[in-house]
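Enquirer: Here is a sequence with its predicted model. Questions after.
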Amino acid sequence: MSLYTRDKVYLSADRGTYWQYDKGTGLVSLYVDNTLVWTADSSEVTTVADAVKTGVQRVYNGFCKVGATAGFVVGGGAVNTGLMATCPAGQTASTLVVPLAGVLNVGDTITAVHLVGQIESAGNTVTIDVNLRKMTTAAADVADASVASMTQISVTADTAIGSANGAIGSLTEVVAADETFYLLITVTTGASTDIALQGAIVTVTTAS
């Protein structure tokens, strides 16, 4: 059994026997039958800070919706495809909105975002633009602002979409309370082309 308070952590081995870690002093004490029997002094205690993990990749391929310009088909247009969305041939500036729900925690630092998927080009030009956007709550209205954009993908051959060509990188965006993030994806497909999106990968630095 463990018990956490604002300043102390208790780890219980048995009734009346437990370890106490005091965050204020950094001391560890052992109690037996609720009586203090031993305390480590500062030379015996190593304070361990929260472990910072860099390059943590979180996968998102859940809810998304067609944006202001039609063309995308959410869910790939067929039952149980596993795709997040597809965009068929002959579309101009079709938009897809992808809320990054469940992959970000307050305090995370977003360092990169990239799409995962495939372009079927057949010799026609296909372009993909991606904008990472942030929404912040406010009394007057929710603020919607651009964080960063991906270098446009423009290809005329079948192409895999991944971190090498579909990334928004070199970010240092810290997720604060009352903020949410989403991707705005804009694509143009040629006469014999289509795009299949599996999802998005968000790379963060996080404290465990």
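Expert: Yes, it's here.

Enquirer: Distance of the residue nearest to residue 179 when sequence neighbours are not counted relative to residue 192?
Expert: Nearest in space to residue 179, with sequence neighbours left out and distances taken as C-beta to C-beta, 6 or more residues apart in numbering, is residue 136 at 5.3 Å. For the C-beta atoms, the positions are set from N, CA and C on the backbone; glycine is no exception. Counting by C-beta to C-beta, to the nearest Å, the gap between residue 136 and residue 192 amounts to 42 Å.

Enquirer: dump the residue contacts of the residue nearest to residue 179.
Expert: Contacts for residue 136 were tallied using C-beta atoms under 8 Å, 6 or more residues apart in numbering; they are 142, 143, 145, 178, 179.

Enquirer: Need phi/psi at it.
Expert: Main-chain dihedrals, residue 136, degrees, to the nearest 10: phi -120, psi 130.

Enquirer: tell me which residues form a beta bridge with it?
Expert: Beta-bridge pairing of residue 136 under DSSP bridges involves residue 143, residue 179.

Enquirer: tally of neighbours for the nearest residue to residue 73 once chain neighbours are set aside?
Expert: Take residue 73 and drop its neighbours on the chain: the residue closest to it by C-beta to C-beta, 6+ apart is residue 86, 5.0 Å away. Using other C-beta atoms under 10 Å, residue 86 has 22 neighbouring residues.

Enquirer: same question, the one 10 residues further on
Expert: Applying other C-beta under 10 Å, we find 25 other residues in the vicinity of residue 96.

Enquirer: In what element of secondary structure is it found?
Expert: strand 94-99 (DSSP states H and E).

Enquirer: ditto for residue 116
Expert: strand 109-120.

Enquirer: Local confidence estimate at residue 21?
Expert: As predicted, residue 21 sits at a pLDDT of 70.
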